[in-house]
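sharing a model prediction with you, sequence too.
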Amino acid sequence: MLRLEKVNKYYRVGTHSLHALRDVELKVADGEFVAIMGASGSGKSTLLNILGILDDYDSGDYWLGDTLIRNLTERRSANYRNRFIGFVFQSFNLLPFKTALENVALPLYYQGVRRRKRNQIAGQYLERVGLRDWSEHTPSEMSGGQKQRVAIARALVGKPRLILADEPTGALDSETSAQIMDLLSEIHQTGITVLVVTHDAEVAARTSGSSGYATARSSTIVTAGASNPKLPAMAGPRWAQSSRCSCSGSRSWS
Ligand code: ADP
Ligand code: MG
């Protein structure tokens, strides 16, 4: 699915340069459910932004599938993002004055899907996250957990092969966090590769299994993950009812 080789990232801050990622090595296979852990400021979000082609890196190689992701034009990187990647953020990043349905439909708008069709598809995805009855509500009328479900539906609506989640449970209580991790686990079972950044060991444990690491500037980003070799490349919309993942299986990291 993706591979980082000796990736380095610097931020220029005034006359200084901050070495945010140092020789990061990471390999994620199709269908894995991986947690990336590290202390605050260790470069987790920086790493995720590079993986999501939201930001560039300074040296090394980033392969997404067979494509070397480096110095892409804005148009090409947007194209890869839209085709392959769904994002979930700690702060949900929903548009406040749009309804849940409109928020989920937004990626389809950018793909040029007509309003009727995109509302129909967005409705299906809201149903998949258990929020069909909340279609017409705005984010301010919803709980944190519900907002994150809307954000997950929005991440899924473009049929991504990879979900990148940056501290998706960071703003939620522990019970709601567990529910969101259940949802991500169900998504993983449909064959989508899921990468979760977290500093919560309980959240990371939900991805189960563990091996490999990547070295960041000031600490170690530990990755824990599980592969699910039984999975089809992309399954239908039934994951919301599917049973829990056994999350076993061998894996290797470079
Ligand atoms: P984490 O997500 O693990 O908390 P970040 O990736 O956000 O860490 O940040 C890693 C380091 O890079 C931190 O020292 C942070 O202050 C710095 N940093 C992050 N983004 C920027 C930026 N846009 N400009 C300058 N420094 C940044
Ligand atoms: Mg961060």
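Ah, there it is. Numbering: from 1, shown residues only. Ligands and ions are numbered 1, 2, ... in the order given.

and the strand or helix carrying residue 3, how far out from the chain's middle?
For residue 3, the host element (DSSP states H and E) is strand 2-13. Centroid separation between strand 2-13 and its chain, computed with CA atoms, centre = their mean, to the nearest Å, is 19 Å.

same deal with stretch 39-48?
For stretch 39-48, the distance to the chain centre is 14 Å (CA atoms, centre = their mean).

what residues sit buried inside that stretch?
42, 43, 44, 45, 46, 47, 48 (16 or more other CB atoms under 10 Å). Where you see a C-beta, it was placed from the backbone N, CA and C, and this is true even at glycine.

and if you look at stretch 25-36?
So, applying 16+ other CB under 10 Å, buried residues of stretch 25-36: 25, 26, 27, 28, 29, 30, 31, 32, 33, 34, 35, 36.

stretch 156-164 too?
In stretch 156-164, counting by 16+ other CB under 10 Å, buried: 156, 157, 158, 160, 161, 162, 163, 164.

could you tell me which of these belong to strands?
Using DSSP state E, the subset of the buried residues of stretch 156-164 located in strands is 162, 163, 164.

so the first one versus ligand 1, what's the distance?
Applying CB to the nearest ligand atom, to the nearest Å, the value for residue 162 to ligand 1 is 19 Å.

bridged to that residue, which residues?
Going by DSSP bridges, residue 162 is paired in beta bridges with residue 85, residue 193.

residue 201: how many residues sit nearby?
Number of residues near residue 201 (other CB atoms under 10 Å) recorded here: 12.

test my guess that it contacts residue 37.
Yes - between residue 201 and residue 37 there is a contact under CB atoms under 8 Å: 7.4 Å.

re the thing from before, of the ones in strands among the buried residues of stretch 156-164, which are in range of ligand 2?
The subset of those within reach of ligand 2, by CB under 5 Å from the ion, is empty.

I'd like to know which of the residues you listed is nearest to residue 187.
Among those, residue 163 lies closest to residue 187 (CB to CB), at 6.3 Å.

which stretches in the stretch 151-254 of the chain count as strands?
162-166, 193-198, 213-215, 220-227 (DSSP state E, counting those that start in this stretch).

and these, which one averages the lowest pLDDT?
Within the strands of the stretch 151-254 of the chain, confidence is poorest for strand 213-215, with a mean of 41 (mean pLDDT).

tell me if I'm right that residue 166 and residue 88 touch.
Yes - look at residue 166 against residue 88 with CB under 8 Å: they come within range, at 7.2 Å.

looking at those two, which is more packed in?
Taking other CB under 10 Å, residue 166 and residue 88 do not tie; residue 88 has more neighbours (26 against 22).

doesn't the more buried one belong to a strand?
Yes - per DSSP: H, G, I helix; E, B strand; the rest coil, residue 88 lies within a strand segment.
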